[in-house]
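> Give the three-dimensional model of this entry:
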Amino acid sequence: MTTEHSSGFAIWRVALLLVGVWACATAIIFIRLSGTPPMLLTGLRLTLAAAVLSPLCIRDFRRHRGGLGWGDLRATMIAGCAMGLHFASWIIGARQANPTNASLIVTMIPAVMPLFLLVMVRERITQGELKGTLLAMAGVCVLGAWDFHVSAEYFTGDLICFGSMLIFCFYLTLGRRNRHFATIWLYVVPLYFFGGLVFLAAGTIVECGMWGLSVDWSIREVLLIFAMVILPTVIGHSILNYSIKHMRGQLVGIINLFQFVFVGVMAWFVGEKPPAWTIIPAAALVLTGAIIIVRSQKSPAPDELE
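Residues are numbered from 1 along each chain as shown. Model (predicted):
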């Protein structure tokens with residue numbers, strides 16, 4: 001039986017995940033305000049996050065070192081590279097795409113997540129999850145029909161965001177496959193560290209060396225970088241990885257849809273145009289779909305992973 005059902009479904013985990021989704025949603029605001037080159041920003045974001053969380057990892061390593069092997073180290077390296085690639089591509093795409101389009105592209109995750117879960121961890125979508133997903137995706141269609149704009153100016157950015165969304169699904173599913181780690185810190189801290197080192201080196205050599213891109217080390221830029229380290233990374237992605245460890249993958253994907261609500265409201269507060277009225281029925285449909293899925297989690301499904 002899966003971890004989440006063996007200990008009983010906990011509604012507080014859904015609330016915690018919503019906090020993580022909100023924290024992740026702040027990333028696009030900071031990214032668009034920041035001017036640091038994408039690979040270097042990714043490297044700084046991940047290595048600093050690893051540094052902040054390293055005391056927790058060291059503590060847990062002392063307790064569980066006997067249960068860790070080279071296979072676990074390799075797993076965190078693969079996940080770290082996938083996360084770094086998602087971050088870097090998302091930064092590039094978010095800066096080139098229409099902000100609304102970028103947020104809407106992220107909402108496609110529940111449509112493709114079941115395929116990744118089936119192929120990588122043999123986790124099949126349940127009837128309750130299918131009903132909730134269809135309802136939530138109907139909300140996305142309501143929003144997209146009004147807000148999504150096809151434009152030659154933003155096409156490349158939209159395409160990059162789509163590829164980044166697929167990488168994100170892969171990275172998130174890796175968190176589901178690697179849920180055997182004794183604690184979340186033994187998984188995410190090495191993940192942040194390895195991904196950070198790879199993209200810190202790539203940013204220094206390629207962006208600052210070969211391409212000659214300059215880096216703004218003003219107080220404003222440094223504060224933006226630290227904001228990205230703490231909110232969407234240390235808080236947001238750590239909670240996402242914790243949630244995917246203890247909750248069904250499709251539920252995490254559906255709850256992640258609330259990013260478009262958070263982004264719309266936050267963008268309004270930083271001077272962007274107010275979100276379209278369609279955000280209200282769209283959010284209502286996503287919420288209803290999420291409730292259906294949450295209710296279906298309270299009793300074990302016959303086709304769950306053992």
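
> gap between H86 and I167?
4 Å (CB to CB, to the nearest Å). Where C-beta positions appear, they are placed from N, C-alpha and C, glycine not excepted.

> Tell me which of these two has more neighbours.
Counted by other CB atoms under 10 Å, H86 and I167 do not tie: H86 has more neighbours, with 23 against 18.

> which residues does the more buried one contact?
Residues in contact with H86, defined by CB atoms under 8 Å, 6 or more residues apart in numbering, are 164, 167-168, 171.

> swap in S34?
41, 221, 224-225, 228.

> returning to that earlier point: closest to A50 among the contacts of H86?
Ranked by distance to A50 (CB to CB), the contacts of H86 are led by Y171 at 15.9 Å.

> secondary structure element for the closest residue to that closest one other than its chain neighbours?
Nearest residue to Y171, sequence neighbours excluded (CB to CB, 6 or more residues apart in numbering): A82, at 4.2 Å. Assessed by DSSP states H and E, A82 sits inside helix 70-96.

> buried stuff in that helix?
Using 16 or more other CB atoms under 10 Å as the test for burial, helix 70-96 gives 72, 75-96.

> What's the per-residue pLDDT of the residue nearest to G175 when sequence neighbours are not counted here?
Excluding its sequence neighbours, the residue lying closest to G175 (CB to CB, 6+ apart) is I244, at 4.2 Å. Note on I244: pLDDT of 95.

> burial of I244, as a residue count?
Applying other CB under 10 Å, we find 25 other residues in the vicinity of I244.

> go on, R124?
Counted with other CB under 10 Å, R124 comes out at 16.

> Run through the stretch 101-250 of the chain and note the low-pLDDT ranges.
Across the stretch 101-250 of the chain, the ranges flagged by pLDDT under 70 are 102-103, 144-154.

> let's go with 90 and repeat that
101-111, 137-162, 209-216 (pLDDT under 90).

> And the strands in it, which stretches?
Ranges of strands within the stretch 101-250 of the chain: none, based on DSSP state E, counting those that start in this stretch.

> residue boundaries of the helices in the stretch 1-150 of the chain?
Here the stretch 1-150 of the chain has its helices, by DSSP state H, counting those that start in this stretch, at 3-6, 11-33, 38-64, 70-96, 99-106, 109-121, 127-147.

> dump the residue contacts of T26.
227, 231-232, 236, 262, 266.

> now, among these, which is nearest to A25?
Nearest to A25 among the contacts of T26 is F262, at 3.8 Å by CB to CB.

> from memory the closest one sits against V21, does it?
Yes. Using CB atoms under 8 Å, F262 is in contact with V21, at 6.9 Å.

> hmm, back to that, from the contacts of S34, pick the one nearest R179.
Using CB to CB, M228 comes nearest to R179 of these, at 26.1 Å.
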